[in-house]
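Predicted model, plus sequence, below.
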Amino acid sequence: MIELGINLSIKQGFKIMKTSILILAAGLGTRMKSQKPKVLQELCQKSMILHILEKAYELSDDVSVVLSYQKELVEKEILSCFPKTKILEQDLQNYPGTAGALKNFKPSKEKVLILCGDMPLVESLSLKQLLEENADLTLAVFYAKDPKNYGRVLIKENRIEKIIEFKDANEEEKKINICNAGVYAISSQLLEQILPLINNNNAAKEYYLTDVVALAKDKIIKPVYVDENEFMGINDKFELSVAENLMQEKIKKHWMKQGVIFHLPHSTFIGLDVEFIGECEVYENVRIEGKSKIVNSIIKSSSVIENSIVENSDVGPLAHLRPNCEIKNTHIGNFVECKNAKLNTVKAGHLSYLGDCEIDSGTNIGCGTITCNYDGVKKHKTIIGKNVFVGSDTQFIAPVNVENDVIIAAGSSVDCNVSSGSLFINRANRKIIKDYFYKKFKK
């Protein structure tokens, strides 16, 4: 997977101080209008909560997540990828709000970093800056062009004086354009002292974590200015699309700086785990996803590649490589679909399906060729050797093995093994009935 914006010390395994990390992910996410929990909504084929966990574990080995809505489903996703994560449950009925989420949290380290589970664009370097600030409490803040429903932050002489939740803000306070990003770094001792003092005397009757500022007036409280896009919270599917576009821009910028040519990059989708090696070229409307690897190859317009390797080859336009393909030194033309296929130095120019097969060097696949790999119960394999010429409109009825130096006549159905040097012809006998058309359609 590519690293987006991560500094060298973090990549080498550097852990920040003695820090416990807590991720808030208990919200109902009603604005997402989905049966799927908000933090399981995906950006670049990975759920939001996994993006933020990835960054958390770059900073600490003590990570907890607070859940409530569809807890079992979210917990399963988290533990499948990050099994050391501690799972806590928030009592939303009795202790709603961001401070209510910390009711059962007991940090084991000197400092606590509090993150949001719907903030998948945040980078480790920015979080590191919060932790390195010499203060009892640091808060990520940003200047917003449109402050929307963000909490407002009142700052005087580089000290945070007050955080006002949007629901509780008056008209003058709503004009403030410095907003709370919802990410805090606080000493564990101070957090332990303040949490019991937070009440729900506010418009929403919730326990607000923002109250820590008012309750820690005698402490050093500093803002850390961050990028609004990086710290954006995602509440609905429009914001989800905005965030995915921003992540895609980062991914493609990274690869272009590594030498990959993108034609109309805004029209392409490149997965986080995709790898490019050498000189590669990607045309418009291409989608490459999963753990695909593209080496010194050209991917032409409107092609899709899933979990496959393409090396020293050209693919497309309008080609589809389904999972587990290995394409080397090969030409894959338009409207060719491959699945679980190994092709080495092969030409497959157009309109073919090549599934569950191995095809060796020097072989030409004619237009309309199909490997009939599925019998309704099991998948079967087609093996085609070197220097085989496959005529158009050929069906290989697997399992079948075609040895080297074979010609398959156009229109054949290959239902047996074919030995080296052979010409294989399998067609119905020709039959012409004179004047049949006129008899059939006689007026």
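It's in. Numbering: from 1, shown residues only.

List the contacts of stretch 352-361.
322, 329, 335-346, 348, 365-371, 373-374, 379-388, 396, 398, 404 (C-beta atoms under 8 Å, 6 or more residues apart in numbering). All C-beta spots, glycine's among them, are computed from the backbone N, C-alpha and C.

which element follows the lowest-mean-pLDDT helix or strand in the chain toward the C-terminus?
In the chain, no helix or strand scores lower on mean pLDDT, DSSP states H and E than helix 8-11, which sits at a mean of 42. Using DSSP states H and E, the next helix or strand after helix 8-11 towards the C-terminus is strand 19-24.

What strands line up against that next one, and which way round?
Pairing partners of strand 19-24, with direction, according to DSSP bridges: strand 63-67 (parallel), strand 111-116 (parallel).

Name the residues that touch the last one?
Looking back up the chat, that one is strand 111-116. 17-25, 52, 56, 59-60, 102, 122, 127, 130-131, 182-188, 191, 209, 233.

Tabulate the strands paired with strand 19-24 (TSV), appending mean pLDDT.
Output for the strands paired with strand 19-24, formatted as TSV (pLDDT from 0 to 100):
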stretch	mean pLDDT
strand 63-67	97
strand 111-116	96
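
I'd like those written out as JSON lines, with distance to residue 36 and mean neighbour count added.
Compiled in JSON lines, the strands paired with strand 19-24 are given as follows (distance: least, C-beta to C-beta, whole Å; neighbours: other C-beta atoms under 10 Å):
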{"stretch": "strand 63-67", "distance to residue 36": "14", "mean neighbour count": "24"}
{"stretch": "strand 111-116", "distance to residue 36": "18", "mean neighbour count": "25"}
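
ok so, going back, which of the contacts of strand 111-116 are buried?
Neighbour counting with 16 or more other C-beta atoms under 10 Å marks 19-25, 52, 56, 59-60, 102, 122, 127, 130-131, 182-188, 191, 209, 233 as buried within these.

Among these, which are located in helices?
Judged by DSSP state H, the buried ones among the contacts of strand 111-116 include 52, 56, 59, 127, 130, 131, 188, 191 as members of helices.

Okay, and the beta partners of the closest residue to residue 271 other than its chain neighbours?
Nearest residue to residue 271 in three dimensions, chain neighbours excluded: residue 289, at 4.0 Å (C-beta to C-beta, 6 or more residues apart in numbering). Note on residue 289: beta-bridge partners residue 306, judged by DSSP bridges.

ok, residue 289 touching residue 307?
Yes: between residue 289 and residue 307 a contact is recorded at 7.4 Å, counting by C-beta atoms under 8 Å.

What helix or strand is residue 239 located in?
Assigned by DSSP H and E, residue 239 belongs to helix 237-257.

and of the ones in helices among the buried ones among the contacts of strand 111-116, the nearest to residue 160?
residue 130 (12.8 Å; C-beta to C-beta).

Without its sequence neighbours, what residue ends up closest to that closest one?
Closest residue to residue 130 apart from its sequence neighbours, by C-beta to C-beta, 6+ apart: residue 185 at 4.3 Å.

Find me the pLDDT at the one you found, would you?
We have a pLDDT of 95 for residue 185.

need the contact list for it.
When contacts are counted by C-beta under 8 Å, 6+ apart, residue 185 touches 19, 111, 112, 113, 114, 130, 131, 133, 137, 138.

Dump these into JSON lines; add distance to residue 423 as well.
Below are those laid out as JSON lines (distance: C-beta to C-beta, whole Å):
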{"residue": "19", "distance to residue 423": "72"}
{"residue": "111", "distance to residue 423": "77"}
{"residue": "112", "distance to residue 423": "76"}
{"residue": "113", "distance to residue 423": "71"}
{"residue": "114", "distance to residue 423": "73"}
{"residue": "130", "distance to residue 423": "73"}
{"residue": "131", "distance to residue 423": "73"}
{"residue": "133", "distance to residue 423": "78"}
{"residue": "137", "distance to residue 423": "82"}
{"residue": "138", "distance to residue 423": "78"}
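
Other residues contacting the helix holding residue 239?
So helix 237-257 is contacted by 2, 4-5, 32-34, 41, 43-44, 120-121, 229, 232-234, 262, 265, 268-270, 272, 276 (C-beta under 8 Å, 6+ apart).
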